[in-house]
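Student: Just to be clear, the model below is a prediction. Sequence and coordinates:
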Amino acid sequence: MRRLLHLSDIHFNRSPGEPARDVDLAVRRDLLEDLKGQKDTIRPVDAVLVVGDLTACGTAEQFVLAREFLDEACSIVDCDPTHIACVPGNHDIHREAHGPLHDGLRRLLRTIPIGEISARIEQILTDPAAVKIIHGPLEHYNRFALPLGWAFTDEHPIPGAWELDLNGHTLRIRGVNSALICDKTDNYIYDRTRVAVGTGQLAQLSEDHDTITLLMCHHPRRWLRDARFLEPWLARPHILLTGHEHEAGIEPHADGLSLTIASGAVNPERNDHHWQPAYNILELDTDQTHLTVNILARAYPKHRTGFEPDERWPNGKTIPIPLSRHTPPVDPAPSPPIPTAPPVTSDERAMIYTILTAAPDTREAAARTLGLLGPEEKLRTSNDEAQLLARAREESKLNALAEALAHA
């Protein structure tokens, strides 16, 4: 069995050292206390899955707070801190990084005919100049996510899959960037169907015939402008995890072959009339014929002062999904394909975490000693860091770099 902690919409909204401005601190502390109260029955947790909106407006300071909170949650449930998977949400876009060129690309993808969206996104994500512009507001998210293997970088706009063993089957976790063209208006109800993903971001799912697949996407289907073109692809994963709407939900697909699970927001907006912080614990198990998904939904009712089982599923909700599944018809994969990062093994994940959580100056010095950086090269951006990792992997120096930094 695998146990997963499913979080979304944490919305860290302050800078470090300013607790008086953090109106949601008490709720997050209660969430951690709730985890402590259940730890004897839920730990160890194998992975923490955060389906977007870690922050309120994508600043570097807010991602520092997110890192601290997630590390504490991992400590409580005995989860390796490198076993955090995430995708960006609309609030993880750094709005101050939006410039005229980014505005132009975003407006283009919001106005062109729906049938042209996928081809244009593929064009943007495979063009060196255009991808740098569209990814610019993701820099702080990518700095946070790169040590975990979940960055959307210029060279690899799609992060690599993460594979875990599940009773002899392969559980493959994937992520998609539905915040690609988001801005500050995308949290309003009248802005539904303005977000776009493109089928090229989902073409990776064509490889998942013989695996159990879990896909993370911040926005639910109904928020996606190109949803009808994406539907055959979104039917491929056994499990689709979403967030954004701040309301927990469990929705089996009509054919019984897949399941969408929405996490309630850890910190929903205080002016929501149905304000109710929430999160999920997922238990996955298999036999020879079925994947069994048990969802333990936790909620924070207004009249209480702590988390408890969601009243809709007080004893949890268990759903079986057949392992022998049909393959929905889909369009052919794009050509040229959008570059996908190579899969990261558990050993590599630990090494990358050690490398990228070291002090920047120490990392540069160690990389120069190993011949991975030239005398004048600097690691200024997440893309520079990603290129360093790629170089270390190609030259079989990833372990040497990690060991040098572990003992620095």
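Tutor: That came in fine, so what should we check first?
Student: Just the CA coordinates for stretch 341-353, please, in PDB.
Tutor: This file holds the C-alpha atoms of stretch 341-353, laid out as PDB (Å, rounded to 0.1, in the frame of the first residue of the first chain):
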ATOM      1  CA  ALA A 341      12.800  15.800 -18.200                       C
ATOM      2  CA  PRO A 342      14.200  12.300 -17.800                       C
ATOM      3  CA  PRO A 343      12.700  10.300 -14.900                       C
ATOM      4  CA  VAL A 344      14.400  10.800 -11.600                       C
ATOM      5  CA  THR A 345      15.300   7.700  -9.500                       C
ATOM      6  CA  SER A 346      14.900   7.800  -5.700                       C
ATOM      7  CA  ASP A 347      18.700   7.900  -5.300                       C
ATOM      8  CA  GLU A 348      19.000  10.800  -7.800                       C
ATOM      9  CA  ARG A 349      16.200  12.600  -6.100                       C
ATOM     10  CA  ALA A 350      18.100  12.600  -2.800                       C
ATOM     11  CA  MET A 351      21.300  13.700  -4.500                       C
ATOM     12  CA  ILE A 352      19.600  16.600  -6.300                       C
ATOM     13  CA  TYR A 353      18.000  17.700  -3.100                       C
END
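Student: For the stretch 251-400 of the chain, give me the ranges with low pLDDT.
Tutor: 271-273, 325-336 (pLDDT under 70).
Student: Strands of that one, residue ranges please.
Tutor: For the stretch 251-400 of the chain, the strands defined by DSSP state E, counting those that start in this stretch cover 259-262, 278-286, 290-299, 308-309, 317-322.
Student: Now tabulate these in TSV and tack on mean neighbour count.
Tutor: The C-beta positions use only the backbone N, C-alpha and C, and glycine is treated the same way. Output for the strands of the stretch 251-400 of the chain, formatted as TSV (neighbours: other Cβ atoms under 10 Å):
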stretch	mean neighbour count
strand 259-262	22
strand 278-286	21
strand 290-299	19
strand 308-309	12
strand 317-322	16
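Student: In JSON lines: those, plus distance to Ile134.
Tutor: Below are those laid out as JSON lines (distance: least, Cβ to Cβ, whole Å):
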{"stretch": "strand 259-262", "distance to Ile134": "27"}
{"stretch": "strand 278-286", "distance to Ile134": "31"}
{"stretch": "strand 290-299", "distance to Ile134": "34"}
{"stretch": "strand 308-309", "distance to Ile134": "41"}
{"stretch": "strand 317-322", "distance to Ile134": "35"}
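Student: check contacts around Gln288.
Tutor: Leu323 (Cβ atoms under 8 Å, 6 or more residues apart in numbering).
Student: Could you measure from it over to Leu148?
Tutor: Note on Gln288: its distance to Leu148, by Cβ to Cβ, to the nearest Å, is 33 Å.
Student: Ok, Trp223 next?
Tutor: For Trp223, the distance to Leu148 - Cβ to Cβ - is 25 Å.
Student: do the same with Gly104
Tutor: Taken as Cβ to Cβ, the span from Gly104 to Leu148 is 31 Å.
Student: Show the residue spans covered by the helices in the stretch 51-200 of the chain.
Tutor: 60-76, 100-111, 117-125, 128-135, 139-145 (DSSP state H, counting those that start in this stretch).
Student: Out of these, which one sits most buried?
Tutor: helix 139-145 (a mean of 23; mean count of other Cβ atoms under 10 Å).
Student: neighbouring contacts of it?
Tutor: 54-55, 58-60, 62-63, 66-67, 86, 88, 92-94, 97, 135, 151-153, 159, 381-383, 385.
Student: List only buried entries from those.
Tutor: 54-55, 58-59, 62-63, 66-67, 86, 88, 92-94, 135, 151-153, 159, 381-383, 385 (16 or more other Cβ atoms under 10 Å).
Student: List phi and psi for the residue nearest to Pro360 when sequence neighbours are not counted.
Tutor: Computed as Cβ to Cβ, 6 or more residues apart in numbering, the closest residue to Pro360 that is not its neighbour in sequence is Leu379, at 6.2 Å. Per-residue torsions, Leu379: phi -100, psi 80 (degrees, to the nearest 10).
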